[in-house]
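> structure for this input, please:
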Amino acid sequence: MSDVPTQDDLTSATDTMAEAVEAFVFDGDRSESDCHVSGEPLRRGLVLGEEDPRDAGLAEKPLTEDVMWTGRIFNVNRLRVELPDGRQALRDVVRHPGAVAVVALTDDGRICLVRQYRTSLARVTVEIPAGKLDPGEDPLACARRELKEETGMEASQMAFLTTIATSDGFTDELIHIYMATGLTFAASDPDADEFINVDLVPLNELIDAVLDGRIEDCKTVTGALICDAVSHRLK
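As a prediction, the model looks like this:
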């Protein structure tokens with residue numbers, strides 16, 4: 001059986017793509033539709049998502065969900081949803097098992113950073129250690145494991161900092177960020193396809209690089225700014 005797509009396959013794929021574009025785009029003439037408008041902004045204290053009764057009117061109802069692509073780390077699923085006004089739209093969602101990241105702080109105020117080539121960006125990035133959760137794995141246990149594997153460091157104390165949604169416009173990935181202290185070096189044990197160099201840099205230099213826009217990785221930016229905010233509050 002040939003794996004070469006037939007003309008019918010290509011036509012079907014094209015039709016599917018056209019349907020997706022049409023479902024996503026509602027920027028044409030909507031004068032005859034009852035469009036949702038946000039109204040004047042409210043001046044008030046912070047109210048988190050779904051704690052405002054109005055948020056119920058924003059929800060999209062999933063109707064179907066199909067796996068469009070299965071990868072080693074994540075899947076891409078296509079959902080057909082019902083919008084609050086009754087129309088339907090397509091949403092492509094990257095389903096990810098989640099990950100952890102570790103702000104590893106030495107006793108003399110240095111942060112442990114890994115240098116790794118990222119094919120998606122075609123360059124080396126400087127990041128805090130991080131890694132994917134195994135199915136059912138406890139995030140804290142994963143944080144200890146990833147810190148040891150990537151940097152060789154073991155921590156006597158590990159504290160939860162925060163959880164970030166990396167890009168909730170298209171993926172459900174959550175990264176749980178921890179702070180590790182009381183560090184001692186044992187030996188690293190990276191995955192077979194990981195090639196990593198490790199630095200210990202002063203925390204203030206990392207924060208300066210974040211504020212200057214020289215560090216783009218979101219988990220690293222978040223971890224550095226949390227450390228900076230905590231240190232200022234403690235003072």
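
> all helices of the chain, in order?
Counting by DSSP state H, one finds helices in the chain at the ranges 7-24, 139-151, 203-211, 218-234.

> what about the residue nearest to residue 202 when sequence neighbours are not counted, distance to residue 198?
With sequence-adjacent residues excluded and distances taken as C-beta to C-beta, 6 or more residues apart in numbering, residue 202 is closest to residue 110, at 5.7 Å. Heads up, the C-betas are built off the backbone N, CA and C, glycines and all. Here residue 110 is placed at a distance of 11 Å from residue 198 (C-beta to C-beta, to the nearest Å).

> ok, now which ones touch residue 174?
Contacts were defined as C-beta atoms under 8 Å, 6 or more residues apart in numbering; by that measure residue 174 touches 98, 99, 163, 164, 165, 166.

> how about residue 55?
Contacts were defined as C-beta under 8 Å, 6+ apart; by that measure residue 55 touches residue 49.

> make it 10 Å
47, 48, 49 (C-beta atoms under 10 Å, 6 or more residues apart in numbering).

> center of the protein, which residue is that?
The centroid of the chain falls nearest to residue 166 when counting by C-alpha atoms, centre = their mean (2.3 Å).

> what about that one, distance to residue 158?
21 Å.

> against residue 151, how distant is residue 99?
16 Å.

> before we move on, what about residue 177?
16 Å.

> about what we covered before: who's more crowded, residue 99 and residue 151?
The residue with more neighbours, out of residue 99 and residue 151, is residue 151; 25 against 22, by other C-beta atoms under 10 Å.

> can you list the domains in the protein?
By the assignment in automatic domain parsing, the chain contains the domains 47-95, 99-234.

> how far away is residue 179 from residue 162?
Between residue 179 and residue 162 the computed distance is 10 Å (C-beta to C-beta).

> check the offset of stretch 224-232 from the chain's centre.
Using C-alpha atoms, centre = their mean, to the nearest Å, the distance from the centre of stretch 224-232 to the centre of the chain it belongs to is 21 Å.

> do the same with stretch 161-173
Taking C-alpha atoms, centre = their mean, one finds the center of stretch 161-173 at 4 Å from the center of the full chain.

> rewinding a little: tell me the confidence at the residue nearest to residue 202?
Among the per-residue scores, residue 110 shows a pLDDT of 95.

> residue contacts, the residue nearest to residue 115 when sequence neighbours are not counted?
On the basis of C-beta to C-beta, 6+ apart, the spatially nearest residue to residue 115 that is not a chain neighbour turns out to be residue 197, at 4.2 Å. Residue 197 sits next to 113, 114, 115, 116, 124, 126 when contact means C-beta under 10 Å, 6+ apart.
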